[in-house]
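Q: the amino acid sequence is not available; the structure is as follows:
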């Protein structure tokens, strides 16, 4: 009898690694099988596996210079203290802003490759700025190269969805008081037909003009009377109130309204206009999103550029590509095609209408909130799909790819465990687990707007590329 | 060999019911034991077991007339639609209110037996009304019988903690629009040194005067401009935002502020005064408690007096006794000594300072929120003690003693299961599981105020008494 025949002649108890189909077949034959959910590191990419081997010791720990750099990166991220300091104007406050510069979300992308919502938002913004007479005129202008297009991230700014920022727009000024750096974002316009989803009709532009003329000065004055808003404290409280700081911001928005309302009333704004401001805020549960994003950007910026650190310091999408930046590799973007979002659609829309994943709002996940804190916001599954237990599971999974737990952002349902903070490129590639991201869904055609919301998986490919580049860089350094 | 010796000579696998000490001993001897958490129905009370036998068939189901009556009771409770209709004045709006009548929380109790906080609140209220010159004078007046003392519940009213309501106080007017009935509560004063916790110094009385003079008219006008506030919708939303509607009301309070702020601003109240009103609301996360209580009272009142129904239509405590009312037995109270609260204390206070359990706020649990919806509010354990998992467990336990699940009050952490609604006297006595109640803790001495918050178990004895009375009533009916 051969050894194999001998083996299979006995009653078997099988341990199956990886592909479940082997286990399924054995089970159907009545064999006892234990299935182990295993996959090769780096999705089996040989180059990435070699890179991992070069960066991680036999004990599974990162090389000491990487571990030390990551300790510093996570110290900075944990120490961040973002506060809303004031309301400014893009041209005056954003470094390098010019009247012929249009900022957009995500990594760099030329007009020709831009997604529908980004094009739509740029067209709307150029009309709003008076640089074009019509959306069509604006499209020609953008294509001509007469205006410069650049990522928000290159100007200390973040923008949700299309993320378009132009010179006249009012901006939130968020300072990380622990490090002194500033981050910027526009004021949130509400849901439905809005510029950031690529809509640009008159109602959109009229709203933007009112925000500039009336909302921003009123809020700015109220904020000045109140003093800086402690965004870390607000996010921490909101996580106790069913928000996760990306796609559910109802609690934080409510807390901002509560904090500013008395100062709005006591200021110089006419009561009728204060009423309009309060109605606008009350009608927009996402008002806090832009605050949350600017807070995350302000918190993450000091982590960029720490040699040897594998912390992900930024993630962003422009509707065409998903991109990320690694602390130790500085300002370089690693990109891959933007994936589609798996979500729920507004009445009258379906997946066929959707643009690919878009927006800088994934900066919240990079900071350890948003999708990473979904366990704090089980009600969000009614907006993005899934069951309450999924929300818990998403957060629990993120502990496997992060470096630490946030000391202030506590998740009640996990017995007040800190939210998973600081994505480690090594861990993402090693486990094959990509960050979970909550997001909105824009119509793929310029001029339409929001069509749904859901969850999206960033492409593992960006992380693999970044890791290979990181290993090469480390290699060069050691020579 | 005797049968017993034969039995114990074999290897044993033991199933142990009830007392765990038998199982513990067997386990120590290395015997396999499965412990079953069992206790005799009605805590072993023979009279109650006989009553249960008379009311429940051999199939474990209540007799048909009881089942039918309970179906009607739960239909009414589920159909309730409480809305805040306006702000009134106790003397003008509360049925039977008089200037020499003082309402208090819980079942009836004479001055001589009243708890410290109730006495303190009555003393303060009599000075506030100008009926006494000093707290000492007020105590003499209350003792003399020259003012009448009566439960809030006898006047369609509920009051948190001491629950004292007198003629001049502004009151919330909550209508159950499905049945037309009204319920009332005072406006919440905030935390710390407040009348409802038995404090009565000048700061307490000054605040009450400002509430009467300024807060109530401003809110009343804003509410009129806004239209009735849908309290069911607010409670439903707040349960998605970490509130449970009794001891955590931060979300619902925020939502009320958001809803009313524009109307406050646009009304005739001077901006400085609107600012003060908004600051007062912002400083008081418990503002919604009194709305939640009046909503529960309005929802439950139509369930009282349905012949054969074993629904608990009211629970309340006066700091001396805990009392309850059963639908089928009408307005009669079943009482037992008020228990002590198991909770967390404010700095400088301990269990030695605590008054026994007090207040009408347990009407929220009777309605299926508060302690019954703790799974929606895991963050509350930081206020009342315990771990987040306890909050889930408390809610899950309450399904064993309730008749239904609320169609609008969904608990995200339980995958949007409806909150356990409608306490069944039969189930409480049968299982020995008493309702779980979140509550504040008052100082036992008049004039001091709040000292903590926690959880309390109502005395099973009240439920047993009520069941025995119910069985006797059914018996009489069948003769």
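A: Great, that's in hand. Keep in mind that this is a model prediction, so the values were computed, not measured.
Q: looking at it, residue A:151 is touching residue A:105, isn't it?
A: Yes: using C-beta atoms under 8 Å, residue A:151 is in contact with residue A:105, at 7.3 Å. (Glycine included, C-beta is placed from N, CA and C.)
Q: what do those two both touch?
A: Each of A:316, A:318 lies in contact with both residue A:151 and residue A:105 under the rule C-beta atoms under 8 Å, 6 or more residues apart in numbering or on different chains.
Q: who's more crowded, the two?
A: residue A:105 (32 against 23; other C-beta atoms under 10 Å in any protein chain shown).
Q: report how many residues lie close to the residue lying closest to that one once chain neighbours are set aside.
A: In space, and not counting its chain neighbours, residue A:105 is closest to residue A:163: 2.8 Å by C-beta to C-beta, 6 or more residues apart in numbering or on different chains. Using other C-beta under 10 Å, residue A:163 has 31 other residues around it.
Q: what about residue A:163, which SS state?
A: coil (DSSP: H, G, I helix; E, B strand; the rest coil).
Q: show me what contacts it?
A: For residue A:163, the contacting residues are A:103, A:104, A:105, A:106, A:118, A:121, A:152, A:196, A:359, A:360, by C-beta under 8 Å, 6+ apart.
Q: output the contacting helices and strands for the helix ranked longest in chain A.
A: Ranked by residue count, the top helix of chain A under DSSP state H comes out as helix A:460-478. Under the contact criterion of 3 or more C-beta pairs under 8 Å, 6 or more residues apart in numbering or on different chains; DSSP states H and E, helix A:460-478 touches helix A:46-55, strand A:321-326, strand A:334-337, helix A:425-431.
Q: for residue B:268, find the nearest of these.
A: The closest of the helices and strands packed on helix A:460-478 to residue B:268 is strand A:321-326. By C-beta to C-beta, the value is 54.1 Å.
Q: sheet partners, orientation included, of that closest one?
A: The strands beside strand A:321-326 in its sheet (DSSP bridges) come out as strand A:312-318 (antiparallel), strand A:334-337 (antiparallel).
Q: what's that strand in contact with?
A: For strand A:321-326, contacts defined as C-beta under 8 Å, 6+ apart pick out A:106-107, A:109, A:153, A:304, A:309-317, A:331-339, A:357, A:425, A:458-459, A:462-463, A:466, A:470.
Q: would you say residue A:220 is within a helix?
A: Yes: with three-state DSSP as the criterion, residue A:220 is part of a helix.
Q: if I look at it, how far off is chain B?
A: The gap separating residue A:220 from chain B is 18 Å, by C-beta to the nearest C-beta, to the nearest Å.
Q: what residues are up against residue A:316?
A: A:105-107, A:151-153, A:158, A:322-324, A:359-360, A:362-363.
Q: what about residue A:361, neighbour count?
A: Residue A:361: 31 neighbours (other C-beta under 10 Å).
Q: specify the local secondary structure of the closest residue to it other than its chain neighbours.
A: Excluding its sequence neighbours, the residue lying closest to residue A:361 (C-beta to C-beta, 6+ apart) is residue A:160, at 4.7 Å. Following three-state DSSP, residue A:160 is assigned to coil.
Q: before we move on, what's the pLDDT of residue A:160?
A: Looking at residue A:160, its pLDDT is 96.
Q: please apply the same query to the one 5 residues further on.
A: In this prediction, residue A:165 carries a pLDDT score of 98.
Q: now swap in residue A:9 and tell me
A: Looking at residue A:9, its pLDDT is 73.
Q: again, but for the one 4 residues further on
A: Confidence per residue is given as pLDDT, and for residue A:13 that number is 84.
Q: that one pairs with what?
A: residue A:32.
Q: how about residue A:248, phi and psi?
A: phi -130, psi 110 (degrees, to the nearest 10).
Q: and what of residue A:305?
A: Taking degrees, to the nearest 10 as the convention, residue A:305 sits at phi 90, psi 30.
Q: same thing with residue A:340?
A: phi -90, psi 160.
Q: got the contact list for the helix or strand where residue A:70 lies?
A: Using DSSP states H and E, residue A:70 sits within helix A:64-79. The contact list for helix A:64-79 (C-beta under 8 Å, 6+ apart) reads A:55, A:61-62, A:178-179, A:299-300, A:302-303, A:306-311, A:313, A:327-328, A:367-368, A:403-404, A:406-407, A:421-422, A:424, A:426, A:474.
Q: looking at those, which are in helices?
A: A:55, A:299, A:300, A:367, A:426, A:474.
Q: mind listing what the third one touches?
A: Listed by C-beta under 8 Å, 6+ apart, the contact set of residue A:300 reads A:77, A:80, A:313, A:314, A:363, A:366, A:367.
Q: the fourth one too?
A: If you count contacts by C-beta under 8 Å, 6+ apart, residue A:367 has them with A:77, A:295, A:296, A:299, A:300, A:421.
Q: neighbours around the residue of the stretch 1-150 of chain A found nearest chain B, how many?
A: Relative to chain B, the nearest point of the stretch 1-150 of chain A is residue A:84 (17.0 Å; C-beta to the nearest C-beta). Residue A:84: 23 surrounding residues under other C-beta under 10 Å.
Q: where's it, which helix or strand?
A: strand A:82-89.
Q: which elements pack onto whichever helix or strand comes after that strand?
A: Per DSSP H and E, strand A:82-89 leads on to helix A:90-93 as the next helix or strand towards the C-terminus. Secondary structure elements in contact with helix A:90-93, counted by 3+ C-beta pairs under 8 Å, 6+ apart, are strand A:170-176, strand A:182-186.
Q: chain B: which of these is closest?
A: If you check each of those against chain B by C-beta to the nearest C-beta, strand A:170-176 wins as the nearest, at 19.9 Å.
Q: quick revisit: list of residues touching the strand holding residue A:84?
A: Contacts of strand A:82-89 (C-beta under 8 Å, 6+ apart): A:167-177, A:182-184, A:187, A:216-217, A:219-220, A:223-224, A:228-232, A:291, A:294-296, A:298-299.
Q: ok, and the closest non-adjacent residue to the residue of the stretch 51-200 of chain A found nearest chain B?
A: Of all residues in the stretch 51-200 of chain A, residue A:190 sits closest to chain B, at 14.4 Å by C-beta to the nearest C-beta. Distances taken as C-beta to C-beta, 6+ apart place residue A:284 nearest to residue A:190, at 4.2 Å, with adjacent residues excluded.
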